[in-house]
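Here you go, sequence then predicted model.
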Amino acid sequence: MKDLTVSSDAPGQRLFVLGNEAIARGAIEAGVQVAAAYPGTPSSEILETMSGVAKELDMYVEWSTNEKVAFEVALAASICGVRALASMKHVGVNVAHDPLMTASYIGAKGGLVLLSADDPWAWSSQNEQDNRYIALQGYIPVLEPSSIQEAKDMMADAFKLSEQFGQLFMLRSVTRIGHARGDITLGEISHERRKGQFVKDRTKLVYTPREARINKPLMLERFDKIKKAVNTLPYNQLKLASSAKLGIIACGLSYSYTLEAVKWLGIEDRVSILKIGTPNPLPEELVIRLLSSVKEVLVAEELDPFVELHVKAIAGEHNIPVKIHGKDLLPRIGELSTRKLTEAIAKLTKARTPVDFASIDKLEQETAPLLPWRPPALCPGCPHRASHYAIRVASRRVARELGKEIEPIYPGDIGCYALAYNPPQEASDTIICMGGSFGIANGLAHVVDVPIVAHLGDSTFFHAGIPPLVNAVYNKANITMVIMDNSATAMTGFQPHPGTGYTAMGEETVMLKPEEIARACGVKFVEVVDPFDLKTAAETIEKAIRFEGPAVVVSRRLCAIIDQREKKKRKEKIIPYRVDQDKCNEKCNACIELLGCPAIIKEGTKTVIDSSLCTGCGICAQVCPYKAIVPE
Amino acid sequence: MGKEFNILITGVGGQGVILMSELLGKAAVADNLRVRGSEILGMAVRGGSVTSAIRIGEDVYGPLIPTGKCNALVGMEPSEALRNISYLSKSTLVLLNTVVTVPFTVSIGESTYPSLEEILRQLGKASDRIIQLDAAKTAQDAGSRLATNVVMLGALFGTGQLPIKTATIKEAIQAHFPAKVAPVNIKAFNLGYEACRQAIK
């Protein structure tokens, strides 16, 4: 096996990688000097990959507190003539939206690329927004790859294009690019390292109404030049079949599915295909050539009809009599697939589908009721499980006093703790966006009269939890804010953040404490608890709920996965718990129903603990009314 | 050999599904084959369902296996194999580790787990070529239960259908594991390989 890595200077060699590693490699080949990001699936591995080789390649790489800051860091580098990347998931771009819209007025000096990782089917997201619309709004040209090889090549090229046209570029990845695997052929790594130079330029960099009015026409000029140039970029390709009645316009990854579908149907010689690598702006000349050569067109793209609407506009403007299909035959929801393309194309060409999909669907439907439900769950030993339990006990105690009908509200947030939204804990009443728990709690406080206990994690607190905390103090929102501090951005792979004491490049730094920030912001009730001491944790949260005014409880204990790793390293013995069957009331099930720990299972009527999963946290022992759970 | 060979590996977070596809991918590249793939992890690896596709050959473009186009399904867990029944066709090789992992939703009464007979009956409606293995026991025989995934990898090569050379995947296994545990894994691979050969005789 060859010993190649993403930082190997080995042009022409092939390497098996994750799509996000391919994207990172593209930035490395371009000689990017600054990369900033906030973790978010499916984008996290890009910056992780770069941080691993940052020192070796003389790059500056940081995990920023949020996407807005990450984008501003990259923008500043670009302003100083240095190539810079900002990487984030699709909803992260919302957070960066404010500087983004003016950045396109500024343009780019050093190549500036925004990586937006969209998530069709919302595999790990709260929505499936299509960020090509954000790009459209900001006059940001978009490159959309059809494979991970192209993702790498486009990323490397994006920096050159950005400098050539003086404009910020977006690379739109999707889950099936970032989290795809495959072989890529490596390109050359640029070792050019520029010295950043800030040139004072009020007209270009200081935005008052005057500069907006001066720079918008310049931005439009740049965009027009790009509009012409995309017709000859290699990422857009037109293949006309001489006898074709049907044309397919396939954007990004849809192109791969289209190639497979056409081959599967055996009609390669009967369809013309226009591959789109730049959905914004579209290669208009190529689109016109395709539209003029066929009777019907199918536009294939994931999520919204972005290309479709523009193609229809082009056809209308040029009076081309062609029937344009798209989202009438392909779904707006979820990912596309070879099957979906095959069925849509078969419908238009009257070709026979190679497989009897209906009978497969029937078998699948018949199978569904047999399958057990296997959702992701909080890990055994996860401190969030204990925090959720303590919140529930404390809130119920207060609610009971207030009256029978009183039901506390638990606004939740983005992170591992959200996994407890499933039964049996059902611990979140709202999950909307980063920091949304505290924000929603602020609003609830002024319209309902029940205990409001919001929770978010440490990384989320630094990302978007501080402004709503300040708001609660300023506007006197009577809410309890629990910060579940497991000292990790655990959901996305344990990236460091301002509370962990080290940076993306592995350097030691200050360790910020949420409780100190809360006190400095004027919160009068701030306590720190260990969630594994359930009694004290619940009592403290109860006091916080009873406290008149905003209250903060930091529930702090290290993420169970990190804790187990560290114990293993120290060769510390883990003592799992077991159920004393003489004491256990088989009908009670309190441990199972209150905690939902994957290590506690039923064997027939017996309740038992799987010692291979148990981490010895002992939360179940504290919950058991019969004292039947004991260390092994 | 056709120009497309599609492998789907299904299991539960923590069973080493992703490692199997990484080893297959590296070996495919070493053998100068084109390779594409993708995985579904859901919200995280926290005990949820995991599937990983590895596709080898010149006619492969997309990262996902089309419906009904899987050549070999490696089922690390019976119900998770069943969950992916739509990828199967009559000729798909199904390699099934019969060791069950019951999700916690069964304990809390939110769902039920089917019997192994039911799972096999249902899979049998889709494919005629199901091979059952107790991979955990075989891994134990090799020296570690942790090598269950490598046993299944061995079984996959034991089918004799793969475009990757057996020597190459062994090299990939050897290179991946620390020297101390590599021999156990090579042994696990060999036992899985043999178990499959016996089963299809």
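Happy to help now that I have it.

and the next element down the chain from the helix or strand bottoming out on mean pLDDT in chain A?
In chain A, the helix or strand scored least confidently by mean pLDDT, DSSP states H and E is strand A:600-603, which has a mean of 90. Next helix or strand after strand A:600-603 toward the C-terminus (DSSP states H and E): strand A:606-609.

Partner strands of that next one and their direction?
Strand pairing for strand A:606-609, using DSSP bridges, gives strand A:600-603 (antiparallel).

Only the buried residues of the strand it pairs with, if you could.
A:600, A:601, A:602 (16 or more other C-beta atoms under 10 Å in any protein chain shown). (Glycine included, C-beta is placed from N, CA and C.)

Alpha carbons of the least confident helix or strand of chain A, as PDB, please.
Below are the C-alpha coordinates for strand A:600-603, written out as PDB (Å, rounded to 0.1, in the frame of the first residue of the first chain):
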ATOM      1  CA  ILE A 600     -30.100  -1.200  30.000                       C
ATOM      2  CA  ILE A 601     -32.100  -3.900  28.200                       C
ATOM      3  CA  LYS A 602     -34.900  -6.400  28.800                       C
ATOM      4  CA  GLU A 603     -34.100 -10.100  28.500                       C
END
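
related to what we said a few turns ago, name the nearest of the buried residues of strand A:600-603 relative to residue B:24.
residue A:601 (32.2 Å; C-beta to C-beta).

where's residue 170, which helix or strand?
Unless you meant another one, I'm taking chain A. strand A:169-174.

The intended chain is chain B.
Applying DSSP H and E as the criterion places residue B:170 in helix B:166-176.

helices or strands next to that helix in the packing?
Contacts defined by 3 or more C-beta pairs under 8 Å, 6 or more residues apart in numbering or on different chains; DSSP states H and E place helix B:166-176 against helix B:17-30, helix B:148-158, helix B:182-200.

now that helix and helix B:148-158, what's the angle there?
Angle of helix B:166-176 versus helix B:148-158, following axes from the mean of the first three to the mean of the last three C-alpha atoms, to 10 degrees, is 160 degrees.

Quick one: distance of helix B:166-176 to the chain centre.
In terms of C-alpha atoms, centre = their mean, to the nearest Å, the centre of helix B:166-176 is set 16 Å apart from its chain centre.

Name the residues that touch that helix?
If you take C-beta atoms under 8 Å, 6 or more residues apart in numbering or on different chains as the criterion, helix B:166-176 is touched by A:1, B:19, B:22-24, B:26-27, B:30-31, B:150, B:153, B:157, B:182, B:185-186, B:189, B:193.

quick one: residue B:16 and residue B:168, what's the gap?
19 Å (C-beta to C-beta, to the nearest Å).

Ok, residue A:326 next?
Distance from residue A:326 to residue B:168, by C-beta to C-beta: 43 Å.

Same check on residue A:541?
57 Å.

More neighbours: those two, which one.
Taking neighbours as other C-beta atoms under 10 Å in any protein chain shown, residue A:541 and residue B:168 compare with residue A:541 leading, 29 against 20.

Let's verify that one: helix, strand, or coil?
Following DSSP: H, G, I helix; E, B strand; the rest coil, the label given to residue A:541 is helix.

So what does the residue nearest the centre of chain B look like in phi/psi?
Nearest residue to the geometric centre of chain B (C-alpha atoms, centre = their mean): residue B:74, 2.7 Å. Backbone torsions for residue B:74, taken as degrees, to the nearest 10, come to phi -100, psi 110.

dump the residue contacts of residue B:83.
Contacts of residue B:83 were listed using C-beta under 8 Å, 6+ apart, and they are A:367, A:371, B:10, B:49.

Can you tell me which of the residues you listed end up in strands?
Per DSSP state E, strands hold the following members of those: B:10, B:49.

Roughly how far does residue A:480 sit from residue A:268?
Going from residue A:480 to residue A:268 by C-beta to C-beta gives 63 Å.

any weak-confidence spans in the stretch 1-150 of chain A?
Low-confidence segments of the stretch 1-150 of chain A, defined by pLDDT under 70: A:1-2.

ok, which stretches of it are strands?
A:14-18, A:34-37, A:60-63, A:84-89, A:112-118, A:142-143 (DSSP state E, counting those that start in this stretch).

What is the longest one packed up against?
For strand A:112-118, the packing partners by 3+ C-beta pairs under 8 Å, 6+ apart come out as helix A:67-79, strand A:84-89, helix A:90-95, helix A:148-165, strand A:169-174, helix A:175-178.

Quick check: which of these is nearest to chain B?
Ranking the helices and strands packed on strand A:112-118 by proximity to chain B (C-beta to the nearest C-beta) places helix A:175-178 first, at 5.0 Å.

starting at the chain centroid, how far to the helix or strand following the closest one?
Once helix A:175-178 ends, the next helix or strand along the chain (criterion: DSSP H and E) is strand A:180-185. Relative to its chain's centre, strand A:180-185 lies at 21 Å (C-alpha atoms, centre = their mean).

Break chain A into its domains for me.
A:14-231, A:236-368, A:383-569, A:577-631 (automatic domain parsing).

residue ranges with poor pLDDT in the chain?
Since you didn't name a chain, this refers to chain A. For chain A, the stretches with pLDDT under 70 are A:1-2.

nope, chain B
Low-confidence segments of chain B, defined by pLDDT under 70: B:1-2, B:42-46.

If we use 50, what do you get?
For chain B, the stretches with pLDDT under 50 are B:1, B:44.

Output the strands of the stretch 1-150 of chain A as CSV; include the columns distance to residue A:517.
Converted to CSV, the strands of the stretch 1-150 of chain A look like this (distance: least, C-beta to C-beta, whole Å):
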stretch, distance to residue A:517
strand A:14-18, 35
strand A:34-37, 22
strand A:60-63, 18
strand A:84-89, 24
strand A:112-118, 29
strand A:142-143, 38
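
looking at those, which is buried most?
Mean neighbours per residue, mean count of other C-beta atoms under 10 Å in any protein chain shown, is largest over the strands of the stretch 1-150 of chain A for strand A:84-89, with a mean of 32.

returning to what we had before: and the helices and strands packed on strand A:112-118: which comes nearest residue A:234?
Residue A:234 sits nearest to helix A:148-165 of all the helices and strands packed on strand A:112-118, at 8.6 Å, using C-beta to C-beta.

name the helices or strands packed onto that closest one?
Contact partners of helix A:148-165 among helices and strands, from 3+ C-beta pairs under 8 Å, 6+ apart: helix A:19-29, strand A:112-118, strand A:142-143, strand A:169-174, strand A:180-185, helix A:209-229.

relative to helix A:148-165, how tilted is the second one?
Right, strand A:112-118. Angle, strand A:112-118 to helix A:148-165, by the same axes, to 10 degrees: 140 degrees.

quick one: strand A:112-118 to chain centroid distance?
Worked out by C-alpha atoms, centre = their mean, strand A:112-118 lies 12 Å from the chain centre.

ok so, going back, does the strand holding residue A:170 reach chain B?
No. Judged by C-beta under 8 Å from any C-beta of the partner chain, strand A:169-174 stays clear of chain B, getting no closer than 10.2 Å.

In contact with residue A:74, which residues?
Applying C-beta under 8 Å, 6+ apart, we find residue A:74 in contact with A:34, A:35, A:36, A:84, A:85, A:86, A:112, A:114.

I meant to write residue B:192 there.
Neighbours of residue B:192 in contact, by C-beta under 8 Å, 6+ apart: B:133, B:135, B:138, B:150, B:151, B:152, B:153, B:154, B:155, B:156, B:158.

Nearest to residue A:336 among those residues?
Out of the contacts of residue B:192, the member with the shortest distance to residue A:336 (by C-beta to C-beta) is residue B:156, at 28.7 Å.

okay, now the closest one: neighbour count?
Neighbour tally, residue B:156, other C-beta under 10 Å: 25.

Tell me how many other residues surround the spatially closest residue to residue B:196 that is not a sequence neighbour.
Computed as C-beta to C-beta, 6 or more residues apart in numbering or on different chains, the closest residue to residue B:196 that is not its neighbour in sequence is residue B:158, at 2.9 Å. Using other C-beta under 10 Å, residue B:158 has 25 neighbouring residues.
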